[in-house]
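Novice: compute the structure for the input listed below.
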Amino acid sequence: MPSWLDSIFRRSPTPPPLRDLEAAQDIAKELYGPGASLEDGDQGLRSRIDADDRFVPTEGASVERLGPRRTEDLAFRHAVVRAGKDLANSGVAFAGRSGEDRVNKELWTMGYGGKMQVRKWLPDGEIGKPSTALRDIFSNGKAYSFECATAMMVIYHKAILDHIGDEAFDRLFSEPRNLKFFRWQVEDSDFTEVKRLAHRPSKLMPGSHYYYKNPDASEANSAFGGENVIYLGDGKFYAHGIRGASGTFEVTEKEILDCLRGLRRPDATTEPYRIDMEMHLDGLALSKKAVPEPVPEP
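Specialist: Model (predicted):
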């Protein structure tokens, strides 16, 4: 039987585009170990990850049905990784101080302290769409500048858009909960309800958010007292404001630490470090919110 999401996406006018089996395979290896593998369930959706695909947790282990929870987790993590890489190459700038934030004012309003919100009414009289405004950040990046916590929110919401599609995204993030970003101080309930936070040492997981602390940052570089990042897999991170050898905000951990180290006070004694925290969004919970129908548990 096809998964509950497959039947919904078949009749959706704008199906989520990022449900690639090969990409999910790469993420599964980082999450579950290099011996993990996925096999296509061959339900007429070849090369697309779905709950009826087969999952082998480690080499030589029994084959399991992938199931809805792992399916949505892998698909959503891929969407986060893709959004992070796309934002890194979009041309968006880093705003290290208040007043340096910028947006495309045809689609967004800019308020105090860098608060950006989708315009309700556009110049031509049309109603502003959260999906359109969010995509503009990625296609028109040079019109935007914000700090690293806002960048995390932009990446995660773009992943939500790609995971659930335009129609569901616009329904979740329109009035009375208009899409807005204001560092971590304003989070929509549709975001916080699917957020999962863990304070424990953990291996790096693609699509998860981490934080590097820089206790001895100089006063002139106070914006780099810490750095919010998203792990993209294969040893790479999205770190807004830190450019590495790639020339973009896609960097290695060494490049993050070297940059933060160089922004400390002359008498610094404490090295920058990654704190024991990991945050990610629950892909299955997101899909349930986007599709208001009964959903079988795995």
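
Novice: flag the shaky bits of the stretch 101-250 of the chain, pLDDT-wise.
Specialist: Scanning the stretch 101-250 of the chain for pLDDT under 70 picks out 113, 176-177, 182-202.

Novice: can you map out the helices along it?
Specialist: Taking DSSP state H, counting those that start in this stretch as the criterion, the stretch 101-250 of the chain contains helices spanning 130-139, 148-164, 166-172, 189-192.

Novice: in the second one, what's buried?
Specialist: For helix 148-164, a neighbour-count test (16 or more other Cβ atoms under 10 Å) marks 148-164 as buried. C-beta here means a position set from N, CA and C on the backbone, and glycine is covered the same way.

Novice: ditto for stretch 94-106
Specialist: Buried, per 16+ other Cβ under 10 Å, within stretch 94-106: 94-95, 101-104.

Novice: and if you look at stretch 125-135?
Specialist: Neighbour-count burial for stretch 125-135 flags 128-131, 133-135 (criterion: 16+ other Cβ under 10 Å).

Novice: stretch 214-227 now?
Specialist: Buried residues in stretch 214-227 (16+ other Cβ under 10 Å): 214, 216-218, 221, 223-227.

Novice: report the contact partners of the residue nearest to residue 60 when sequence neighbours are not counted.
Specialist: Spatial nearest neighbour of residue 60, chain neighbours left out: residue 35 (7.5 Å); criterion: Cβ to Cβ, 6 or more residues apart in numbering. Going by Cβ atoms under 8 Å, 6 or more residues apart in numbering, residue 35 touches 56-61.

Novice: ok, longest helix in this structure?
Specialist: Longest helix of the chain, by residue count under DSSP state H: helix 67-88.

Novice: gap between the residue lying farthest from the centre of the chain and residue 216?
Specialist: Relative to the C-alpha centroid of the chain, counting by Cα atoms, centre = their mean, residue 267 is the outermost residue, at 36.2 Å. Counting by Cβ to Cβ, to the nearest Å, the gap from residue 267 to residue 216 is 8 Å.

Novice: just to revisit the earlier point, on the three-state scheme, the residue nearest to residue 60 is what?
Specialist: Secondary structure, DSSP: H, G, I helix; E, B strand; the rest coil: residue 35 is coil.
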